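Asker: Just to be clear, the model below is a prediction. Sequence and coordinates:
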Amino acid sequence: MMRVYLDNAATTPVDRRVLEEMLPWMQEYFGNPSSIHAEGRKTRTAIENARKVVANTIGASIGEVFFTSGGTESNNMALKCAVRDLGVRRVITSPLEHHCVLHAADTLRKNENIEIAFVHVLNKGYLDYQHLEFLLQSSPERTLVSLMHANNEIGTLLDLERVSTLCQQYHALFHSDTVQTIGHFPINVSNTKIHFLSGAAHKFHGPKGVGFIYINNSNMVHPFIDGGSQERNMRGGTENVHGIVGLATALTLANENMETWKIHILNLRAHLLQCLQTYFTDLVINTDVENPSLYTCLACLFLLIQKVTYCY
């Protein structure tokens, strides 16, 4: 029996072309990027080239992009550095966020006495933007809004532009977990003001254990991980060179093929949905397939009604 993998929201297989680009940086080009000899300078150049790829992809400057171990670290860094360094005393988020955001927020509530407010959730996982505005209006405290671009379970999309506009209107910081959408949707922080943005390579056919955070250069934060002067003094620790190269390669491929892959995946999703509706009469579709959504996601609920025969 052939197994079919349907869990790409959790992780994707590494593209063969990505692996081929990574291998030399694991064997032949092994220098420490902090070393000043030729081997070190070569790996340093590879990291900076990868940084340019990420920066160009999201419309940022290279000084605003920092490599991390993945989305969880990036999200923790955004929330906790905003509280520690930017005077944030209040976080507005939603109950649908990834655990790393919800748990980080709860830690801040317990340890730093930070107020946590939750935006109301409407049908199909849409957020109540009117309630978000009410929350932004309701307190003079310095506020960070942390909302994911696309829900990782049902695929509902956030209106980044609308939230960005509200945050600017009420002088709030805006962090978005874009782990599910980087490489699948175009995002430009030059056009849409976002203060913090998170990404992870393994969601777009790159390796696990590497991601990035975008920090708008108007936000002066200190390192989340102390150590050496790596990542422009923003993250201590020897860089994951082959992982960073893999991230940049995977992101380049995703951007070059975005529209082609989108059409292909949408056709696959439509076919899968048609088959499910044919064979399951009690199917409940949780993903809003009638409107723009995370096209790599299809969430359904199977209502299996047990038939009981009564004997008298």
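Answerer: Done, it's in. What you see is a predicted model; the values in this text were computed from it and never measured.

Asker: so residue 131 sits right up against residue 120, yeah?
Answerer: Yes: with contact defined as C-beta atoms under 8 Å, residue 131 reaches residue 120; the gap is 4.4 Å. Using the backbone N, CA and C atoms, a C-beta is placed for each residue, glycine as well.

Asker: can you tell me how far residue 283 sits from residue 298?
Answerer: Distance check for residue 283 against residue 298: by C-beta to C-beta, to the nearest Å, it reads 11 Å.

Asker: out of these two, which sits in the busier spot?
Answerer: Set residue 283 next to residue 298 and count neighbours by other C-beta atoms under 10 Å: residue 298 wins out with 22 against 14.

Asker: all strands of the stretch 101-250 of the chain, in order?
Answerer: For the stretch 101-250 of the chain, applying DSSP state E, counting those that start in this stretch gives strands covering 115-118, 143-146, 173-177, 196-200, 211-215.

Asker: Any chance of the ones you listed in CSV with mean neighbour count as columns?
Answerer: Listed next are the strands of the stretch 101-250 of the chain as CSV, based on neighbours: other C-beta atoms under 10 Å:
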stretch, mean neighbour count
strand 115-118, 16
strand 143-146, 24
strand 173-177, 26
strand 196-200, 28
strand 211-215, 27
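
Asker: would you list those in JSON lines and tack on mean pLDDT and distance to residue 292?
Answerer: Output for the strands of the stretch 101-250 of the chain, formatted as JSON lines (pLDDT from 0 to 100; distance: least, C-beta to C-beta, whole Å):
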{"stretch": "strand 115-118", "mean pLDDT": "98", "distance to residue 292": "24"}
{"stretch": "strand 143-146", "mean pLDDT": "98", "distance to residue 292": "21"}
{"stretch": "strand 173-177", "mean pLDDT": "98", "distance to residue 292": "16"}
{"stretch": "strand 196-200", "mean pLDDT": "98", "distance to residue 292": "19"}
{"stretch": "strand 211-215", "mean pLDDT": "98", "distance to residue 292": "23"}
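
Asker: nearest to residue 254, of those strands?
Answerer: Taking C-beta to C-beta, strand 196-200 is the member of those nearest to residue 254, at 10.9 Å.

Asker: For the closest one, what is the distance to the chain centroid?
Answerer: Distance, stretch centre to chain centre, for strand 196-200: 5 Å (C-alpha atoms, centre = their mean, to the nearest Å).

Asker: May I have the strands that pair with it, each with its orientation?
Answerer: Here strand 196-200 is paired, per DSSP bridges, with strand 173-177 (parallel), strand 211-215 (antiparallel).

Asker: Flag the shaky bits of the stretch 201-312 of the chain, pLDDT-wise.
Answerer: Across the stretch 201-312 of the chain, the ranges flagged by pLDDT under 70 are 305-312.

Asker: quick check: domain ranges of the protein?
Answerer: Domain assignment for the chain by automatic domain parsing gives 19-256, 258-302.

Asker: Would you mind finding the most buried of these?
Answerer: domain 19-256 (a mean of 19; mean count of other C-beta atoms under 10 Å).
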